[in-house]
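A.B. asks: Pasting a predicted model and its sequence here:
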Amino acid sequence: MSIKVDHIFKQYGIQKAVDHVSFEVGAGEIVGFLGPNGAGKSTTMKMITGFLQPDEGKITVCGIPVEGEAIATKKKIGYLPELNPLYHEMYMREYLGMMAGLHHVPSPKDRIEAVIDMTGLSVEANKEIGQLSKGYKQRVGLAAALLHDPEVLILDEPTTGLDPNQIVEIREVIRGLGKNKTILFSTHILQEVEALCDRVIVINKGKIVADDRLENLKKQQQSSRISVGFREPVAQNALAAIAGVKGVVHVGSNDWELETSDPDALGKELMAFALQHNVNIVSLHTQTRRLEDIFRNLTGVAN
């Protein structure tokens, strides 16, 4: 495994920031790391990169223990923190040259040009960093993380504050990098997860609440709402008694929302119900649960 996190625990005062978290990320995976603010995402990432030490537990990167082998593991990791630290008064190539020196990158000039091209920085490459847009500053941070050609990329909110066009551009860069690198990235933009990831890890209040392939997570959390309108009044308890109904909400007049895990079967049951009770259905449609709804359900936020 490229990343192995084994029961790590981190506490600040009385607050458990990360509470015995375990997961693994295999070579070549792009894994989304999700959670609400304060859930423990950034703390976990800082421990993986060796910037923080866990109070308990172990972390290995490419088979190397982070504790006691911090330099060796940092050689394997490219890290883009949420607050991307840059020297705004430096020119881009000047900054990347400094970072290449810190990493002892062989043939630094060639490698700098390679990462500039890889991250789409060529058109802005002769500017001072302070003159760049936020999107291009994020690219500079990503280029710096790639200079030493790491096997693992840890990206903490890589698209924070970017406009929609910049988000798409950075997303394409990450997708390209994922062809030959292991990537763990956190984000609040759930569309990014659907666009980039086959697997997601969800953390809430310092604990892992889900870790699965996205398609499996959707199936496990599958729940749809059927909106149905009747011409005549219908009793709530009668609707609740229909096979397959998990919940009933009155939305006004003779209109209802029914929650179910099998909308097709419930549609047939509703038709049978209407015939049996001599009522007329005037509207019927299904609302499939979105990833946002699944996330809110896993993190305990009421819909």
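C.D. replies: Received it, and whenever you're ready, just let me know what you need.

A.B. asks: Please identify which helix or strand holds the residue nearest the centre of the chain.
C.D. replies: A centroid search over the chain (Cα atoms, centre = their mean) returns Gly32, at 3.4 Å, as the residue closest to the centre. Element membership for Gly32 (DSSP states H and E) is strand 30-34.

A.B. asks: model confidence over that strand, on average?
C.D. replies: Throughout strand 30-34, pLDDT has a mean value of 93.

A.B. asks: which residues sit against it?
C.D. replies: The contact list for strand 30-34 (Cβ atoms under 8 Å, 6 or more residues apart in numbering) reads 25, 41, 44-45, 174-175, 178, 183-187, 190, 192-193, 196-203, 295. Yep, even glycine has a C-beta here, placed from its N, CA and C like the rest.

A.B. asks: Out of the residues you listed, name the ones that lie in helices.
C.D. replies: Residues from the contacts of strand 30-34 lying in helices, with DSSP state H as the criterion: Lys41, Thr44, Met45, Ile174, Arg175, Leu190, Glu192, Val193, Leu196, Phe295.

A.B. asks: right, and the pair among those with maximum separation?
C.D. replies: Across the ones in helices among the contacts of strand 30-34, the longest distance by Cβ to Cβ is 23.1 Å; it joins Thr44 and Arg175.

A.B. asks: With neighbour numbers in mind, choose between the two.
C.D. replies: The neighbour count for Thr44 versus Arg175, taken as other Cβ atoms under 10 Å, is higher for Thr44 (30 against 13).

A.B. asks: On the pLDDT front, check Pro65 for me.
C.D. replies: pLDDT for Pro65: 95.

A.B. asks: count of neighbours near Leu153?
C.D. replies: Neighbour count of Leu153, defined by other Cβ under 10 Å: 23.

A.B. asks: Hmm, it is touching Leu184, no?
C.D. replies: Yes: counting by Cβ atoms under 8 Å, Leu153 does reach Leu184; the two are 7.4 Å apart.

A.B. asks: chain center to stretch 267-284: distance?
C.D. replies: 41 Å (Cα atoms, centre = their mean, to the nearest Å).

A.B. asks: I meant to write stretch 79-86 there.
C.D. replies: For stretch 79-86, the distance to the chain centre is 17 Å (Cα atoms, centre = their mean).

A.B. asks: So which bits of that stretch are buried?
C.D. replies: Tyr79, Leu80, Pro81, Asn84, Leu86 (16 or more other Cβ atoms under 10 Å).

A.B. asks: Spit out the contact partners of Val200.
C.D. replies: The contact partners of Val200, by Cβ under 8 Å, 6+ apart, come to Val31, Gly32, Phe33, Leu34, Val193, Ala210, Asp211, Asp212, Leu214, Leu217.

A.B. asks: make that Ala100, sorry
C.D. replies: Contacts here follow Cβ under 8 Å, 6+ apart; on that basis Ala100 touches Pro108, Arg111, Ile112, Leu147, His148.

A.B. asks: Tell me which two in the residues you listed are the farthest apart.
C.D. replies: By the measure Cβ to Cβ, Ile112 and His148 form the most distant pair in the contacts of Ala100, at 11.6 Å.

A.B. asks: higher neighbour count, the two?
C.D. replies: Ile112 (24 against 20).

A.B. asks: Please read off the pLDDT at the more buried one from the model.
C.D. replies: At Ile112, the model reports a pLDDT of 97.

A.B. asks: just the one 5 residues further on next, same as before
C.D. replies: Each residue has a pLDDT score; the one for Asp117 is 92.

A.B. asks: Run through the neighbouring helices and strands of the host helix or strand of it.
C.D. replies: Asp117 belongs to helix 108-118 when assigned by DSSP H and E. Contacts defined by 3 or more Cβ pairs under 8 Å, 6 or more residues apart in numbering; DSSP states H and E place helix 108-118 against helix 92-102, helix 134-146, helix 164-177.

A.B. asks: Which other helices and strands does the last one contact?
C.D. replies: Helix 164-177 is packed against helix 108-118, helix 134-146, strand 182-186, helix 190-196, with contacts defined by 3+ Cβ pairs under 8 Å, 6+ apart.

A.B. asks: again, only using 7 Å
C.D. replies: Judged by 3 or more Cβ pairs under 7 Å, 6 or more residues apart in numbering; DSSP states H and E, helix 164-177 is in contact with helix 134-146, strand 182-186, helix 190-196.
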